[in-house]
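> 3D, please:
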Amino acid sequence: MPAALIWKKVMAPQIITANRVDNGRVVYLSGSGEWSESVNDSHLIDTDDDLEHLTEEADRSVKAQEVMDAYAIDAIQQEGRIEPTRYRERIRAFGPSIHPDFAKQPEPEHFEHPDGVIAITMDDA
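Numbering: from 1, shown residues only. Model prediction:
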């Protein structure tokens with residue numbers, strides 16, 4: 001059985017993310033306790049009551065082996081969209097920043113590419 005999760009107090013608005021056990025996909029916890037692949041379906045936690053309720057839901061899902069590695073991340077609501085604030089979590093939510101064809105969801109502005117650039121690669125030399 002997995003160890004109990006440790007959650008930090010809410011300092012800034014947060015959402016809860018994890019990975020599905022059956023396919024490894026990134027998921028987000030909604031206010032109803034359902035997991036969704038869309039970050040916009042996540043519930044923005046801004047009160048201690050929300051934090052307590054949703055961490056209990058996440059803990060149950062981890063113990064039931066539906067998801068793994070559940071944790072809270074800082075996020076903001078901007079123009080009707082929920083967006084993680086850390087770059088690593090933005091990549092988990094929206095896909096790689098190297099090319100728009102690889103994006104999982106509509107590409108946010110911070111992934112704009114210079115004119116003519118379609119991909120960034122590393123040279124083997």
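
> Which neighbouring elements make contact with the lengthiest helix in the chain?
Scanning the chain for the helix with the most residues, using DSSP state H, yields helix 48-63. In terms of contacts (3 or more C-beta pairs under 8 Å, 6 or more residues apart in numbering; DSSP states H and E), helix 48-63 is packed against strand 14-20, strand 26-29, strand 67-78. Bear in mind the C-beta positions are built from the backbone N, C-alpha and C, glycine included.

> can you tell me the distance between the two ends of stretch 26-33?
Using C-alpha to C-alpha, to the nearest Å, the end-to-end distance of stretch 26-33 comes to 15 Å.

> mean confidence score for the longest helix of the chain?
The pLDDT scores in helix 48-63 average 93.

> buried sites along that helix?
D50, L51, L54, T55, E57, A58, S61, V62 (16 or more other C-beta atoms under 10 Å).

> got a list of what Q77 touches?
Residues near Q77 by C-beta atoms under 8 Å, 6 or more residues apart in numbering: P13, L44, E83.

> Low-confidence regions, the protein specifically.
By pLDDT under 70, the low-scoring segments of the chain are 1-11, 99-125.

> now do 80
Applying pLDDT under 80 to the chain flags residues 1-11, 96-125.

> sorry, back to before: TSV please, covering the buried residues of helix 48-63 and showing distance to S30.
Shown next, in TSV, are the buried residues of helix 48-63 (distance: C-beta to C-beta, whole Å):
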residue	distance to S30
D50	12
L51	15
L54	9
T55	14
E57	9
A58	11
S61	12
V62	16
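
> Looking at those residues, which is nearest I91?
Distances from I91 to the buried residues of helix 48-63, taken as C-beta to C-beta, are shortest for A58 (21.2 Å).

> rewinding a little: reformat the helices and strands packed on helix 48-63 as TSV; add distance to P96.
Listed next are the helices and strands packed on helix 48-63 as TSV, based on distance: least, C-beta to C-beta, whole Å:
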stretch	distance to P96
strand 14-20	17
strand 26-29	13
strand 67-78	18
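
> how near is N40 to K63?
27 Å (C-beta to C-beta, to the nearest Å).
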